[in-house]
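Q: Kindly generate the corresponding structure for this input.
(chains A and B)
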2 protein chains.
Amino acid sequence: MRLSQYLLPTLKENPAEAQIASHRLMLRAGLIRQEAAGIYAWLPLGLRVLRNVERVVREEMDRAGAVELLMPTLQLAELWRESGRYDAYGPEMLRIRDRHERELLYGPTNEEMVAEIFRACVHSWRNLPMTLYQVQWKFRDEQRPRFGVMRGREFLMKDAYSFDLDEAAARRSYQRMFVAYLRMFARMGLRAIPMRAETGPIGGDLSHEFIVLAQTGESAVYCDKALLQLPVPGEDVDYAGDLSPLIAQWIAPYAATGDVHDAARFEREVPDAQRVLARGIEVGQIFYYGTKYSLPMKAHVTGPDGAERPIHGGCYGVGVSRLLGAIIEASHDEHGIVWPEAVAPYRVGLVNLKVGDARTDAICAMLKDQLAQAGTEVLYDDTDERPGAKFARMDLIGLPWQLIVGPRGLETGTVELKHRASSERRELTAEAVLQALAAQHPFDADQTGRQSP
Amino acid sequence: MRLSQYLLPTLKENPAEAQIASHRLMLRAGLIRQEAAGIYAWLPLGLRVLRNVERVVREEMDRAGAVELLMPTLQLAELWRESGRYDAYGPEMLRIRDRHERELLYGPTNEEMVAEIFRACVHSWRNLPMTLYQVQWKFRDEQRPRFGVMRGREFLMKDAYSFDLDEAAARRSYQRMFVAYLRMFARMGLRAIPMRAETGPIGGDLSHEFIVLAQTGESAVYCDKALLQLPVPGEDVDYAGDLSPLIAQWIAPYAATGDVHDAARFEREVPDAQRVLARGIEVGQIFYYGTKYSLPMKAHVTGPDGAERPIHGGCYGVGVSRLLGAIIEASHDEHGIVWPEAVAPYRVGLVNLKVGDARTDAICAMLKDQLAQAGTEVLYDDTDERPGAKFARMDLIGLPWQLIVGPRGLETGTVELKHRASSERRELTAEAVLQALAAQHPFDADQTGRQSP
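A: Numbering: from 1, shown residues only, chains lettered A, B, ... in the order given. Here you go, the predicted structure:
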């Protein structure tokens, strides 16, 4: 993509309304634009990151055996009356009347609707276990939306729902989602720590929040250092097998957010040198809620014995749009965003230092074409701004690799490759640059040592 | 995907509420489920088709140089007051008040918001031409929603907006979209005919509807047969070049929907043998509206002479969810849907006629794995239902290729490959089947003769 034909309204100054780094950087890097309080448009660069985050979420949901569907944003109020939550839900629920005075609402979550779909479509234990998920826009009418996409009103959420014949099977479904969550956050470059949580208005008796550590996190976090070093399950994790030992590793060490922190236990269980006091951002929460929705909503199946029984359910949320904020909070510096490769909007930013110069133009065109052919996504800065502005913008938008082409380098036959995260730079021939970028880790002599989750 | 673990609630009977074939078949094939009048959930199989349609739309928008962003579903009423459309828009606009009594609406279209984004982000003619697009849910509170997704209330739409310095450049942007539309519909297996249209509430003086011919179409269509035979522009169409001659070919022959049909002109211009009287479904409409929105909303840029001027705009809609209905109307038979390959939810339906038999199970597992490795998407019917029910369901859901594995065939070392569209069947060894399915046209001896648009 040529920057001269792109919509990338970067800002030089920090917007006054943004109090935290991710909000500031998302506005400054031209990722989002506020259209109303807590309601954002996703500009082209931001949308690309959002789609990448979605892709990772989907891949891990699919791998864990969940099946995707898509529910509408608007729901009938009567559906929520069945579960008793229509009146219980507070002013965060956006209530709407259509032209026929029918009561609708903009879904803040979907336990009721998915139970309605399940009860209409599935009748036998033979179809279980079943986990359905969607990635869809939700609305929660926050009293005071703030922190950009971190606490927006219209937000993109992945919500999954499991259906099982009994509690034991439901706990296995819960474990599969637990593992999928560990994997998906790790793939986005995040270390997410599962922490036992209150179930709140969702109900049930088992819940974990997944908390990303970030200096600017919304809540205090206390945990055992062991959790920062545990290996994340690999692609080959056996979702059909017994996941209990794996999960035991993750829930045994102490971990708690400030509101449920037990200082005495923390000091008793965690040796001094192992204690981590940090701040964290919640990026997902999972719940086992048993028959809380299946009983009132009559989501029943016939068991092997021919008798009908209510299914045991769980739900599993990930704040997809919020994740962009969390990733930036966890990965930025004084110059701007530092995108992990898995979610970066483009892998390479190609900077032409002298647009109009036949030689730099030709080399840039060649690099752009060759990289495109190799399947590498490139944002090409072909604007006529001065080099300093181009460098600052590339650092701000945080693409993993910068490829800088100028007349001085070309005199000695080289272009510059810069790694945004480490600021390491190398002068290479165009050929060597293409070869380097074909590797997963362009600056590593040894390409074999690394593993991604 | 294994059918036993999938959510595919097919129906044997025709639902009473469905008056047209596509609505009937979408319900019967388990693609959608109605959640309120004109509001549907997309079940897993339907969602896969929707995503495929979206993919084709995106690829053709990108090819034509449009840039994707994503606007929120909810908008501020005050934005629509700027253009004067808030009061002008009728009861089809869903008006909402949030907890602070702020007036919102669920976007039925996005001319205002995209103009707001453009004026905030783009200030110079150097960034033009620019065409922005999104694929997002819209809401129009139809008085009487009907025909399933063909006239729903919550629907998925691709809407694009072009911004140019003057009318001549804007007309070139219009032409690029015109060509992109021809290509995208053809890739979905549809012959869409552009017809000069009224501009209605969008405004402007130039508009074309794209109409798909289908017996069950909503409106009468009169056109010259030449339009059914014109070659659709190929992948190599030069969007930077002059598209006028190409477009002239498409707009010269007579074509009109019933409401603007000129019978005298039709008879005068089109020879008897060339006259087509048919029915059609509108799947897209494009508009050039000049400065209708840029003037009141002050979407200005600076021209090469340093003077500010309002941009000239156009908008370009495609009913993405509606397209599923249109494709089914154009491609079904008495047994069910016949999906064109480009949008089919899975390419192959693998039917195990005797689940539990070691040999059929093993061959099915092998075929499934080999096809997956070759990148072919397979829906595997591993249920224990009787063969007749399995055949009927496969015909109903309309996957392009059925691969039938039973003990009788295996005795002679063969499986059966059936082409859904032609009903042609061949008995082949497992090896030959894999080889055939690796080709674009498995039953063609000569694989070289066909071209896709």
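Q: show me what contacts the spatially most central residue of chain A?
A: With distances taken as Cα atoms, centre = their mean, the residue of chain A nearest its centroid is A:Leu323 (3.8 Å). Taking Cβ atoms under 8 Å, 6 or more residues apart in numbering or on different chains as the contact definition, A:Leu323 lies against A:53, A:188, A:190, A:283. For the C-beta atoms, the positions are set from N, CA and C on the backbone; glycine is no exception.
Q: Need the pLDDT of it.
A: As predicted, A:Leu323 sits at a pLDDT of 98.
Q: cool, the one 10 residues further on as well?
A: As summarised for this prediction, A:Asp333 has a pLDDT of 96.
Q: State the number of residues packed around it.
A: Residues lying near A:Asp333 (other Cβ atoms under 10 Å in any protein chain shown) number 13.
Q: what kind of secondary structure is A:Glu431 in?
A: Here A:Glu431 is helix, with the state taken from DSSP: H, G, I helix; E, B strand; the rest coil.
Q: Next one: A:Glu111 relative to A:Val283, how far apart?
A: Relative to A:Val283, A:Glu111 is positioned 20 Å away (Cβ to Cβ, to the nearest Å).
Q: oh sorry, the question was meant for A:Leu228
A: Using Cβ to Cβ, A:Leu228 is found at 16 Å from A:Val283.
Q: ok, the two, which is more surrounded?
A: A count of neighbours by other Cβ under 10 Å puts A:Val283 above the other of A:Leu228 and A:Val283, at 25 against 14.
Q: so that one makes contact with A:Phe185?
A: Yes. A:Val283 sits in contact with A:Phe185 when judged by Cβ atoms under 8 Å, with a separation of 6.4 Å.
Q: Identify the contacts common to those two.
A: Counting by Cβ under 8 Å, 6+ apart, the common neighbours of A:Val283 and A:Phe185 are A:192, A:210, A:212.
Q: near chain B, which of those show up?
A: Among the shared contacts of A:Val283 and A:Phe185, none lies close to chain B by the criterion of Cβ under 8 Å from any Cβ of the partner chain.
Q: The stretch 101-250 of chain A: strands as residue ranges?
A: Secondary structure of the stretch 101-250 of chain A, counting by DSSP state E, counting those that start in this stretch: strands at A:103-106, A:130-139, A:154-164, A:192-196, A:206-213, A:219-224.
Q: Report the inter-axis angle for the fifth one versus strand A:192-196.
A: What that stands for is strand A:206-213. Between the axes of strand A:206-213 and strand A:192-196, defined by axes from the mean of the first three to the mean of the last three Cα atoms, to 10 degrees, the angle is 150 degrees.
Q: what helices or strands is the strand ranked longest in chain A leaning on?
A: Scanning chain A for the longest strand, with DSSP state E as the assignment, gives strand A:275-290. When contacts are defined as 3 or more Cβ pairs under 8 Å, 6 or more residues apart in numbering or on different chains; DSSP states H and E, strand A:275-290 packs onto helix A:167-187, strand A:192-196, strand A:206-213, strand A:219-224, strand A:312-319, helix A:320-330.
Q: Quick one: distance of the last one to the chain centre.
A: Computed by Cα atoms, centre = their mean, to the nearest Å, the separation of helix A:320-330 from the middle of its chain amounts to 6 Å.
Q: ok, now the longest one?
A: The offset between the C-alpha centroid of helix A:167-187 and the centroid of the whole chain comes to 16 Å, using Cα atoms, centre = their mean.
Q: Pull out the buried positions in it.
A: Judged by neighbour count (16 or more other Cβ atoms under 10 Å in any protein chain shown), helix A:167-187 contains these buried residues: A:169-187.
Q: okay, the angle between that helix and strand A:130-139?
A: Computed by the same axes, to 10 degrees, the angle between helix A:167-187 and strand A:130-139 is 50 degrees.
Q: Would you mark the buried spots in the host helix or strand of A:Glu54?
A: Using DSSP states H and E, A:Glu54 sits within helix A:44-63. Residues of helix A:44-63 classed as buried under the neighbour-count rule (16+ other Cβ under 10 Å) are A:44-50, A:52-54, A:56-58, A:60-61, A:63.
Q: quick revisit: CSV for the shared contacts of A:Val283 and A:Phe185, including pLDDT?
A: Putting those into CSV (pLDDT from 0 to 100) gives the following:
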residue, pLDDT
A:Ala192, 94
A:Phe210, 97
A:Val212, 94
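Q: Name the member of these that has the highest neighbour count.
A: For those, counting by other Cβ under 10 Å, the largest number of neighbours falls to A:Ala192: 27 neighbours.
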